[in-house]
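Participant: Have a look at this fold, sequence not included:
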């Protein structure tokens, strides 16, 4: 009995030891993970999802997730190519495609990808204009993805997508942009209004030319306008007055005023010249001409006297 007890104890201890070793060597790899096995510090291979057995005290397994990792990139301050200070943040989507490279080639691939994303984002800000950051985000996302994916490929990481989340600009620039947008909309509104008036004037000119050929259509249009006004405001009294009648009365008034002015001019007598009360002054008589005989007589009379 003692021998049987000893044998049973030995088998029991062996079973317990085997169970402990099995528990220490068994590893469960999830569906979204890859198991990287190190044997005495050296990579001997990877393990697929499922229950995997390792050599106790010899093998060591490190599990690497193959899911897509969403990493937000902190907002970066930068100056665009047109000298505008902006603050841009983004988000990076990537996954591990080679667990060996991700663990062996880089110390911490998450930290490495984050730093590359920040530096690439700063570089994109310096190479782009403000309008490009606000409107051409798809092209910037592609460029940023290429810049991050170039070093990440050697780390066994694939960049699936990069998106720029938000672009923050100064408040003064926002006010300037709002004024610019308002002015642009005002300009468009004026241009559209002017084009509408031009088209309306052309149509009105065509309508006027067509109505001039048939005066009855003008009267029908006038009656239609009266009906529209009466339908909108019943208390309004509309009396159509033809324009031709106004012109006829104007011409009659001009002719009457011309005739009246001519009649008054003929009936008034011509005013006579006013009589002068000043005395009449006779013109002086001409002095007699002095001949040679008179000169001699005068000289002789002078001697005599």
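Facilitator: Ah, there it is. Everything quoted here is computed from the prediction, not taken from an experiment. Numbering: from 1, shown residues only.
Participant: Just confirm residue 36 is within a helix.
Facilitator: No: looking at residue 36 with DSSP: H, G, I helix; E, B strand; the rest coil, it is strand, so not inside a helix.
Participant: my guess is it contacts residue 60, does it?
Facilitator: No: here residue 36 does not reach residue 60: they are 9.2 Å apart, not a contact under C-beta atoms under 8 Å. Backbone N, C-alpha and C define where each C-beta goes, glycine included.
Participant: Between these two, which has more neighbouring residues?
Facilitator: Taking other C-beta atoms under 10 Å, residue 36 and residue 60 do not tie; residue 36 has more neighbours (20 against 14).
Participant: OK, contacts around that one?
Facilitator: Each residue near residue 36 by C-beta atoms under 8 Å, 6 or more residues apart in numbering is listed here: 43, 46, 47, 61, 62, 63, 64, 99, 100, 103.
Participant: how about 6 Å then?
Facilitator: For residue 36, the contact set (C-beta atoms under 6 Å, 6 or more residues apart in numbering) comprises 46, 62, 64, 99, 103.
Participant: Can you turn the buried part of these into a PyMOL selection?
Facilitator: With 16 or more other C-beta atoms under 10 Å as the criterion, this PyMOL line picks the buried residues out of these:
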select buried, resi 46+64+99+103
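Participant: Do a quick rundown of the strands in the stretch 151-300 of the chain.
Facilitator: Under the criterion DSSP state E, counting those that start in this stretch, the stretch 151-300 of the chain contains strands at 157-168.
Participant: Let's test this: mean pLDDT of the helix or strand containing residue 15, rounded?
Facilitator: In this assignment (DSSP states H and E), residue 15 forms part of helix 2-25. In this model, helix 2-25 carries a mean pLDDT of 70.
Participant: can you check stretch 90-98 too?
Facilitator: Averaged across stretch 90-98, pLDDT comes to 92.
Participant: try stretch 147-159
Facilitator: Stretch 147-159 comes out at a mean pLDDT of 89.
Participant: Would you mind pulling the contact partners of it?
Facilitator: 94-98, 101-102, 105-106, 109, 116-117, 120, 145.
Participant: Now do the buried residues in that stretch.
Facilitator: For stretch 147-159, a neighbour-count test (16+ other C-beta under 10 Å) marks 147, 148, 149, 152, 155, 156, 157, 159 as buried.
Participant: With that, I have no additional questions.
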